[in-house]
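A.B. asks: My questions are about this predicted structure, shown below with the sequence.
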Amino acid sequence: MKVLTNELKEGMTIGKTVYYGSEILIKKGEKVTLEMITKIKKYKILQIEIKDGKTIFEKEGVQKKEFARDYSKSLENSKEIMDSLKSGKVEVEKIEETINMTLNNLEKNEDILLSLLEANKDKNYIYQHSLNTMAIALIIGRTLNYSDEQLEILGKGAFLHDVGMLEIDDKILNKKDKLTPKEIEEIEKHPLYGAEKVKELGNEEIINIIKMHHEKLDGSGYPNGLKGDEISEYARIVGLADLYAALTEYREYRDKFYAHDAMKMLMEASNKKMDFKIMKKFLTKMPIYPINSVVNLNTGIIGKVVKGNENPFRPIVDVEENGTIKRIDLNGKENLTIFITGLSK
């Protein structure tokens, strides 16, 4: 079978000798290495014949099942952690287990994890929102080349960012009508409630993430109206992850936004309120048409976004042709005439 050069993985077996003119670059039967992938890209070879037992799609199917199992376990952990927090206990080991499970899956295939997050959003607010926000924050942290220690701090802060909501009356949280000024004031205290709830962790950076995740660069955020560099980078990341996750989840007072509309709202907010450097990193992983978006191509074909690119307007999409799924990298030179015209409703 043929695969795109960008889909080559270490350990695959070359199914047909690769030539450049009359020169043999790689012989049939050789195992793919990182050096080999670099060499193939250098010579601008777009496709390679490989001899693998399973196609890239079959392998992704196996990973999706594994990731779905881990996600269910993480969601179960999240419920137990939040239930314990209601009684004042911080389940540190369970939080660390959930972070490590998420990081392990991100290392394997962060695009599949993103697609899972996009597909699994129901009305189970606090448990699922905490988990989704943490995963998105860790993806951004990885693009910023955070160390293991930094990722642990970021992951814990992201997972616990909304624990202060546990102190808010359910009548306010579940209210479908417009909130009163007094009710809004109470909700805007949740970062302070949360920071108090986890102070036993003794980690100032994690506590600051919880306190600052609703602060905005222009000073319009809460609870303290901090500006610019007064807000920690960790908190800026979690603020972005929190807002995207919240917009694309159901709430009692509204339906969820389409991921594409949520991205546009984030981009508009990033001009003054959010860190544009962090936003740019996020866009390389979550394109303008996010993972799982069904889109129309100018060729008349419908595709599904499966992976982001450095150019957020030109992601990688899967299309069906004659009963076969084909993967197209819209950022590849061979596909420059193909582009997305909009969402397929």
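C.D. replies: Looks like it came in fine. Bear in mind the structure is a predicted one, so any value in this text is a computation, not a measurement. Numbers count the residues shown, from 1 in each chain.
A.B. asks: Check the nearest residue to E215 once chain neighbours are set aside and give its pLDDT.
C.D. replies: Among residues not flanking E215 along the chain, G221 sits closest, at 3.9 Å (CB to CB, 6 or more residues apart in numbering). Glycine gets a C-beta too; all of them are placed from N, C-alpha and C. We have a pLDDT of 95 for G221.
A.B. asks: List the residues that contact G221.
C.D. replies: Residues near G221 by CB atoms under 8 Å, 6 or more residues apart in numbering: 214-215, 239, 273.
A.B. asks: So which of those residues sit within helices?
C.D. replies: G239 (DSSP state H).
A.B. asks: So which of the contacts of G221 wins on neighbours?
C.D. replies: The residue in the contacts of G221 with the most neighbours, by other CB atoms under 10 Å, is G239 (28 neighbours).
A.B. asks: which non-adjacent residue is nearest it?
C.D. replies: Closest residue to G239 apart from its sequence neighbours, by CB to CB, 6+ apart: H213 at 4.7 Å.
A.B. asks: now I288
C.D. replies: Excluding the flanking residues, the one nearest I288 by CB to CB, 6+ apart is P312, at 4.9 Å.
A.B. asks: That neighbour against K285, yeah?
C.D. replies: No. The criterion here is CB atoms under 8 Å, and P312 misses it with K285 at 9.3 Å.
A.B. asks: still on that earlier bit, format the contacts of G221 as a markdown table; extra columns: distance to N77 and pLDDT.
C.D. replies: Below are those laid out as a markdown table (distance: CB to CB, whole Å; pLDDT from 0 to 100):
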| residue | distance to N77 | pLDDT |
| --- | --- | --- |
| H214 | 25 | 96 |
| E215 | 28 | 97 |
| G239 | 24 | 96 |
| K273 | 32 | 90 |
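A.B. asks: which one of the contacts of G221 sits closest to L226?
C.D. replies: E215 (4.3 Å; CB to CB).
A.B. asks: who's in contact with the closest one?
C.D. replies: Contacts of E215 (CB under 8 Å, 6+ apart): 221-222, 224-226, 230-231, 235, 239.
A.B. asks: Could you pull up phi and psi at it?
C.D. replies: Backbone torsions of E215, given as degrees, to the nearest 10, read phi -80, psi 150.
A.B. asks: Same question for P290.
C.D. replies: Dihedral angles for P290 - degrees, to the nearest 10 - are phi -60, psi 170.
A.B. asks: The residue nearest to it when sequence neighbours are not counted and Y71, how far apart?
C.D. replies: Leaving aside its sequence neighbours, P290 sits nearest to A259 (CB to CB, 6+ apart; 3.9 Å). Computed with CB to CB, to the nearest Å, the distance linking A259 and Y71 is 18 Å.
A.B. asks: Tell me the buried residues in stretch 141-151?
C.D. replies: Of all the residues in stretch 141-151, those buried under the rule 16 or more other CB atoms under 10 Å are 141-143, 146, 151.
A.B. asks: cool, and stretch 198-217?
C.D. replies: For stretch 198-217, a neighbour-count test (16+ other CB under 10 Å) marks 198, 201, 205-217 as buried.
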